[in-house]
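Enquirer: Have a look at this prediction, sequence included:
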Amino acid sequence: MSDNDSENVNVNESENDSDNVNDSDSDNESSANQEKMRGFDPAFRDLDHYIRVITERIWEGRRIDDIYAYYSDPCIVETPSSVSSSVADVVAGTKATLTQFPDRRLLAEDIIQSGGAEHGFLSSHRIISTMTHLGDGNFGNATGRKIHVRTIADCVCKDNRIIHEWLVRDQAAIALQVGIAPRELAQRWLNERGGWHKPVAGAAPVGYVSHISRDAMAQDYSSAIREFANGKANAPKTYGDAVHHLGPGGETRYGQDEVAAFWRELFSALHVQSFEIEHLAMRQGAGRADRVAFRWRAKTLHNGAGRFGNPNGRAVEIMGINHAEFFAGRVLREWVLIDDVALWMQVLSEVEPGHE
């Protein structure tokens with residue numbers, strides 16, 4: 001939900017699927033509504049209502065200073081290319097975005113929640129933004145072009161505030177729509193910043209434990225993505241015949257073959273050294289399709305030709321957030337948020353001394 005020139009999001013320490021299961025948190029939609037919002041303004045009925053209302057106030061209402069009321073300070077926000085810790089950084093990033101895209105709207109496509117009031121809820125908030133490139137900034141001179149871009153923000157919420165955030169925006173989609181190749185934008189940002197400098201993000205606040213769903217469908221989905229990363233997955237087992245996939249660069253794919261080709265292209269270029277499951281939540285009921293939110297992190301080496309040019313052996317971290325909807329046990333719709341610009345920045349960066 002926060003915004004910053006290079007995407008703010010928080011980081012949890014590496015969490016895996018065996019160490020971080022929060023058994024007290026039910027995966028059923030009805031149980032979420034029964035969870036009392038202890039510590040929150042009584043005007044908020046539940047976490048979904050809280051996220052929608054504060055997003056509307058800050059963005060639609062342009063009440064930027066409300067960020068000070070709804071974010072803790074410090075609040076770590078990690079994106080694929082940056083880490084910040086000050087609420088002032090969140091405010092500055094929001095203002096910088098509105099300078100370039102003054103009519104930006106944040107339209108909530110879904111909010112998939114987990115956790116609880118005692119240790120912190122997590123809202124996995126999928127947003128589609130409509131906006132016009134009317135101001136100069138880190139995406140270059142204003143072009144006047146209409147832009148559509150998707151973001152997923154994973155926010156830990158406790159005591160009426162966002163206290164930690166991981167955020168992935170499809171920067172490549174913005175670049176392409178304003179007429180810049182993602183590789184070109186990545187090189188420009190590297191030049192402006194003096195290279196690739198992303199610090200290690202701090203841990204989530206004490207007491208918060210990332211939810212790892214025990215639901216078989218959620219577990220099977222996360223395992224399938226891990227298998228794709230290792231070049232072993234079975235697309236027909238995971239995806240329905242008419243699967244609709246929305247991926248980086250604003251690209252849309254249909255059918256098992258096209259989705260499998262996306263994962264194959266990504267991981268044939270970036271060879272996975274480790275794959276971490278950081279968050280996995282499943283929501284069921286309320287007359288909706290079963291839905292999963294899945295945040296993952298892969299440490300890779302650019303050892304393959306293709307999507308990112310000729311291999312150069314650079315270390316590249318992929319920070320991904322997926323949302324998926326299921327029908328008859330297989331994925332019918334999938335949203336994969338990966339920042340291709342951040343990946344290109346790592347591929348193109350000069351290796352710092354001591355980091356070969």
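Expert: Received the coordinates, thanks. Numbers count the residues shown, from 1 in each chain.
Enquirer: What ranges does the stretch 51-200 of the chain have for its strands?
Expert: Under the criterion DSSP state E, counting those that start in this stretch, the stretch 51-200 of the chain contains strands at 71-78, 83-84, 105-116, 120-132, 146-158, 161-169.
Enquirer: In the first one, which residues are buried?
Expert: Right, strand 71-78. Residues of strand 71-78 classed as buried: 71-72, 74-78 (neighbour count, 16 or more other Cβ atoms under 10 Å). Placement of C-beta: from N, CA and C, glycine included.
Enquirer: Let me see the contact set for Ala289.
Expert: 325-327, 332-333 (Cβ atoms under 8 Å, 6 or more residues apart in numbering).
Enquirer: name the element it belongs to?
Expert: Element membership for Ala289 (DSSP states H and E) is strand 288-302.
Enquirer: C-terminal to that strand, what's the next element?
Expert: Using DSSP H and E, the helix or strand that follows strand 288-302 in sequence is strand 315-327.
Enquirer: Name the next helix or strand following that following strand along the chain.
Expert: Scanning onward from strand 315-327 (DSSP H and E), the first element met is strand 330-337.
Enquirer: That next one packs against which elements?
Expert: strand 146-158, helix 235-238, strand 239-246, strand 315-327 (3 or more Cβ pairs under 8 Å, 6 or more residues apart in numbering; DSSP states H and E).
Enquirer: For it, which strands pair with it and how are they oriented?
Expert: strand 239-246 (parallel), strand 315-327 (antiparallel) (DSSP bridges).
Enquirer: buried set for the first one?
Expert: Of the residues in strand 239-246, those buried by neighbour count under the rule 16+ other Cβ under 10 Å are 239-240, 243-246.
Enquirer: If you count neighbours, what's buried in stretch 299-312?
Expert: 300-302, 304, 307-308, 311.
Enquirer: now do stretch 133-148
Expert: 133-134, 139-140, 142-143, 147.
Enquirer: Return the most buried member of the helices and strands packed on strand 330-337.
Expert: Highest mean neighbour count among these (mean count of other Cβ atoms under 10 Å): strand 146-158, with a mean of 23.
Enquirer: what's that one packed up against?
Expert: Short answer (3+ Cβ pairs under 8 Å, 6+ apart): strand 146-158 packs on helix 47-55, strand 105-116, strand 120-132, strand 161-169, helix 171-177, strand 288-302, strand 315-327, strand 330-337.
Enquirer: Could you save those as CSV and add columns showing distance to Gly39 and mean pLDDT?
Expert: Output for those, formatted as CSV (distance: least, Cβ to Cβ, whole Å; pLDDT from 0 to 100):
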stretch, distance to Gly39, mean pLDDT
helix 47-55, 11, 97
strand 105-116, 11, 96
strand 120-132, 10, 97
strand 161-169, 9, 98
helix 171-177, 34, 98
strand 288-302, 23, 97
strand 315-327, 26, 98
strand 330-337, 29, 98
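Enquirer: which intervals of the stretch 1-150 of the chain have sub-threshold pLDDT?
Expert: Counting by pLDDT under 70, the ranges of the stretch 1-150 of the chain that qualify are 1-35.
Enquirer: can we see that at 50?
Expert: 5-26, 29-34 (pLDDT under 50).
Enquirer: In space, what's closest to His244 - neighbours in sequence excluded?
Expert: In space, and not counting its chain neighbours, His244 is closest to Arg333: 4.9 Å by Cβ to Cβ, 6 or more residues apart in numbering.
Enquirer: wait, isn't the one you found in contact with Val243?
Expert: Yes: with contact defined as Cβ atoms under 8 Å, Arg333 counts as touching Val243 (7.2 Å).
Enquirer: separation between Ala289 and Glu325?
Expert: 4 Å (Cβ to Cβ, to the nearest Å).
Enquirer: shared neighbours of the two, anything?
Expert: Shared contacts of Ala289 and Glu325 (Cβ under 8 Å, 6+ apart): 332-333.
Enquirer: Any chance you could give me stretch 284-301 in PDB, C-alpha atoms only?
Expert: Only the C-alpha atoms of stretch 284-301 are listed here, as PDB (Å, rounded to 0.1, in the frame of the first residue of the first chain):
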ATOM      1  CA  GLN A 284     -12.200 -20.100   1.300                       C
ATOM      2  CA  GLY A 285     -15.900 -19.300   1.400                       C
ATOM      3  CA  ALA A 286     -18.000 -16.200   1.100                       C
ATOM      4  CA  GLY A 287     -19.300 -17.400  -2.300                       C
ATOM      5  CA  ARG A 288     -15.900 -16.900  -3.900                       C
ATOM      6  CA  ALA A 289     -13.300 -19.100  -5.500                       C
ATOM      7  CA  ASP A 290     -10.700 -20.600  -3.200                       C
ATOM      8  CA  ARG A 291      -7.800 -18.100  -3.300                       C
ATOM      9  CA  VAL A 292      -4.100 -18.300  -2.300                       C
ATOM     10  CA  ALA A 293      -1.600 -15.600  -1.500                       C
ATOM     11  CA  PHE A 294       2.000 -16.800  -1.800                       C
ATOM     12  CA  ARG A 295       5.200 -14.700  -1.200                       C
ATOM     13  CA  TRP A 296       8.500 -16.300  -2.100                       C
ATOM     14  CA  ARG A 297      12.100 -15.500  -2.600                       C
ATOM     15  CA  ALA A 298      14.600 -17.200  -4.900                       C
ATOM     16  CA  LYS A 299      18.400 -16.600  -4.900                       C
ATOM     17  CA  THR A 300      19.600 -17.300  -8.400                       C
ATOM     18  CA  LEU A 301      22.600 -17.000 -10.700                       C
END
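Enquirer: Lovely, talk soon.
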